[in-house]
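# What follows is a predicted protein model with its sequence.
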Amino acid sequence: MKKTILFSLILLAGITAYSQTAKDAEKLLDRISQRYKKFKTIKADFLYSIESKVEKINEKQRGTIVVKGNKFRLDVANQVIICDNKTIWTYSKEVNEVQINHYSPKEGAIRLDDIFTMYNKGFLFKIAETRKEGKNDIAIFELTPKDKKKNYFKIKLTVDKTNQSITKSEVFDKNGSIHTYTISNQVPNIKYEDNQFSFNVKKYPGVEVVDLR
């Protein structure tokens with residue numbers, strides 16, 4: 001009987017500790033998300049990599065993203081992707097061609113305009129690791145989506161607790177591929193006019209326009 005009571009107390013303590021840890025993780029991510037939401041704009045450089053052992057893919061690309069509200073501008077490899085939340089333009093530098101589509105993110109996909117603030121909703125949280133990098137406190141979170149229809153099953157998020165910023169995001173797809181975004185040089189509140197989030201044909205002499213709407 002005593003052993004049963006002792007086991008129950010240990011189990012209860014473990015559940016309570018896990019619940020507290022999850023709450024602490026959620027509170028921290030909520031603070032960081034709210035910090036990003038206060039920015040009118042944010043510009044960041046990133047290193048994007050995709051790895052898939054099944055498809056034998058291991059590629060890396062550097063790029064820059066600018067987000068203003070629900071608009072974004074992405075410059076990566078030989079492409080510029082511009083979105084005003086209604087229309088998305090995909091410009092290829094190699095062939096001087098732009099494709100125009102209605103913007104309708106796939107269900108379950110991560111929206112680029114939401115990339116810095118999505119982590120405080122729709123997930124189960126836990127802190128997988130904490131460490132020091134110089135003077136900064138680093139925490140690595142594991143997030144599991146509550147919606148099992150998502151096309152990814154886990155996100156590992158690296159957070160600089162000292163600066164309250166996201167420095168890395170690893171997205172684990174159900175098809176076995178891993179998408180990693182290592183984020184650097186984050187600069188908030190640079191002034192961008194709304195017309196910078198639409199494609200201006202006049203700035204690209206001779207561009208071929210393919211309208212798929």
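Looks like it came in fine.
# what's the spacing between Gln186 and Lys135?
18 Å (Cβ to Cβ, to the nearest Å). C-beta coordinates here come from the backbone N, C-alpha and C atoms, glycine included.
# neighbour-wise, which of those two wins?
Neighbours were counted for Gln186 and for Lys135 using other Cβ atoms under 10 Å; Gln186 has more, 17 against 6.
# Leaving out the residues flanking it, which one is nearest to that one?
Closest residue to Gln186 apart from its sequence neighbours, by Cβ to Cβ, 6 or more residues apart in numbering: Ala44 at 4.5 Å.
# Parallel or antiparallel, list what pairs with the one helix or strand the one you found maps to.
Per DSSP states H and E: Ala44 is located in strand 42-52. Applying DSSP bridges, strand 42-52 is found paired with strand 57-68 (antiparallel), strand 178-188 (antiparallel).
# As TSV, those with distance to Leu74 would be great.
Shown next, in TSV, are the strands paired with strand 42-52 (distance: least, Cβ to Cβ, whole Å):
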stretch	distance to Leu74
strand 57-68	5
strand 178-188	11
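# Looking at the ones you listed, which is nearest to Tyr103?
Closest to Tyr103 of those is strand 57-68 (Cβ to Cβ; 14.2 Å).
# Check the average confidence over that closest one, would you?
Averaging pLDDT along strand 57-68 gives 91.
# What are the buried residues along that strand?
63, 65-68 (16 or more other Cβ atoms under 10 Å).
# Can I get the helix or strand immediately after that strand in the chain in PDB, CA atoms only?
Using DSSP H and E, the next helix or strand after strand 57-68 towards the C-terminus is strand 71-76. C-alpha atoms of strand 71-76 as PDB (Å, rounded to 0.1, in the frame of the first residue of the first chain):
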ATOM      1  CA  LYS A  71       2.500  41.100 -46.700                       C
ATOM      2  CA  PHE A  72       6.000  39.700 -47.400                       C
ATOM      3  CA  ARG A  73       8.900  39.900 -49.900                       C
ATOM      4  CA  LEU A  74      11.300  37.000 -50.200                       C
ATOM      5  CA  ASP A  75      14.600  37.100 -52.100                       C
ATOM      6  CA  VAL A  76      16.200  33.600 -52.200                       C
END
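# Next secondary structure after strand 71-76?
Downstream of strand 71-76 (by DSSP H and E), the next one is strand 79-83.
# Touching that next one from outside, list them.
71-75, 88-93, 103, 112-113, 197-199 (Cβ atoms under 8 Å, 6 or more residues apart in numbering).
# Please repeat the previous calculation with a cut-off of 7 Å.
Outside strand 79-83, the residues that touch it by Cβ atoms under 7 Å, 6 or more residues apart in numbering are 71-74, 88-93, 103, 197-199.
# just checking, what packs against the following helix or strand past that strand?
Downstream of strand 79-83, the first helix or strand assigned by DSSP H and E is strand 87-92. Applying 3 or more Cβ pairs under 7 Å, 6 or more residues apart in numbering; DSSP states H and E, one finds that strand 87-92 makes contact with strand 79-83, strand 97-102.
# Ile65 reaches Leu74, doesn't it?
Yes: counting by Cβ atoms under 7 Å, Ile65 does reach Leu74; the two are 5.1 Å apart.
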